[in-house]
Structures are given as C-alpha cells and as structure tokens.
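# turn this into a model:
(one chain, ligands or ions: 1)
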Amino acid sequence: MTLNTKTLLLAIFSLSISAAANAQSGENTYKQACVSCHGAGVLNAPKFGDKAKWAPLIAEGQVTLTAHAYVGVRSMPPKGGNPNLTVEAFSDALVYMVNNSGGKWTSPDAKTVAAINKEIETRKAGLNKKQ
Ligand code: HEC
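Residues are numbered from 1 along each chain as shown. Next up is the predicted model:
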C-alpha cells in the first residue's frame, strides 16, 4: 500500500468515526435536553417520531428550523431551556429527532453551522424589532 492510499484510508476512517460520534452525541443530547417535552408532546411539542407533525417543519430546511428552534419558538424555550447547549450540540440533537421522524438530515458541516449562526442573529434581530 502506498503512503497516499494509507493516508486516504485513515482520513475516511476518522471521518466515519466522527460521523458516528455526532450521531451518538445527538442521541445523548436529545435524551438529556429534548425528550422531556418532545418524547410525549408536552405543551404541544412536535412529538418524536410523529411524521405528520414533523413534515412541514422539516420542509423549512435544516438551517431555518435549527436556528429558529435554538432562539426559541412560542412554548419552545431557547436552547430547549439549556443555556449551555452549543449550536452544534443542539443541531445534532435535532438531526437525531428529525431522522427518527421521517427526515434524513446529517450533522451540519462548518459551512452549515455558520449559516445557522447567521440565521440565529437575523431571527433575534427580527424578534427584538417586534417587541
Ligand atoms: C420545555 C419543553 C421543551 C424542551 C425541553 C424542548 N422543546 Fe422543542 N418544542 C417545545 C414546544 C412546546 C414546541 C412547539 C412550539 C410551538 O409551536 O408552539 C417545540 C418545538 C420545537 C421545534 C419546532 C420549532 C418550530 O419552528 O416550530 C424544534 C425544531 C424543536 N422544538 C427542537 C428541540 C430540540 C432540538 C430540543 C432539545 C435540545 C428541544 N426542542 C427541547 C418544547 C420543548
């Protein structure tokens, strides 16, 4: 095996490990921070696995939905009521919920995280204007 093939295989291997790690942490974050409301549909939260409820939300797109939920929507508290939750951790928890509710999202890459952060600022500015 040439060095280049080795390097390539190593890169692929670490990529798949990090994808698996994100899926794992998304599930963990969901269980720590989201299941209390989304598991049973408390306060009319879209229930985990309820494809009909999630379809129109998923249709908003990953950047928009993640950003708006992170800022907080009606009875949904900002960051799921967890002030220490990063955008990345929140996103992965949402990916986990979406992928178990009829969607097929992936853990956001750096570019998508940047777009989510931008939309968070836009959303906050818009909400402040309305007050
Ligand atoms: C305290 C209860 C509670 C917790 C904890 C919570 N949610 Fe929610 N969430 C809600 C409720 C209630 C709604 C429905 C809001 C509405 O439409 O009035 C909601 C809606 C949402 C939506 C749809 C937002 C939209 O634009 O309509 C997303 C996405 C979401 N939650 C993600 C999450 C994630 C991810 C977590 C965990 C990190 C989480 N939530 C934790 C109560 C909660």
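# which residues touch the spatially most central residue of the chain?
Within the chain, the residue whose C-alpha comes closest to the C-alpha centroid is residue 91; the distance, by Cα atoms, centre = their mean, is 2.1 Å. For residue 91, the contacting residues are 62, 66, 107-108, 113, 116, by Cβ atoms under 8 Å, 6 or more residues apart in numbering. Backbone N, C-alpha and C define where each C-beta goes, glycine included.
# same check, this time on residue 123
Taking Cβ under 8 Å, 6+ apart as the definition of contact, the neighbours of residue 123 are 67-68, 71.
# filter those residues to the buried ones?
The neighbour-count test (16 or more other Cβ atoms under 10 Å) marks 67-68, 71 as buried among those.
# nearest to the ligand, of the residues you listed?
For the ligand, the nearest member of the buried ones among the contacts of residue 123 is residue 68. The distance, counting by Cβ to the nearest ligand atom, is 4.6 Å.
# residues of this structure that sit close to the ligand?
On the criterion Cβ under 6 Å from any ligand atom, the ligand has as its neighbours in the chain the residues 29, 33-34, 36-38, 42-46, 57, 65, 68-69, 73-77, 80-81, 85, 90, 93-94, 97.
# ranges for the helices of this structure?
Secondary structure of the chain (DSSP state H): helices at 3-29, 35-38, 51-58, 62-71, 87-99, 110-130.
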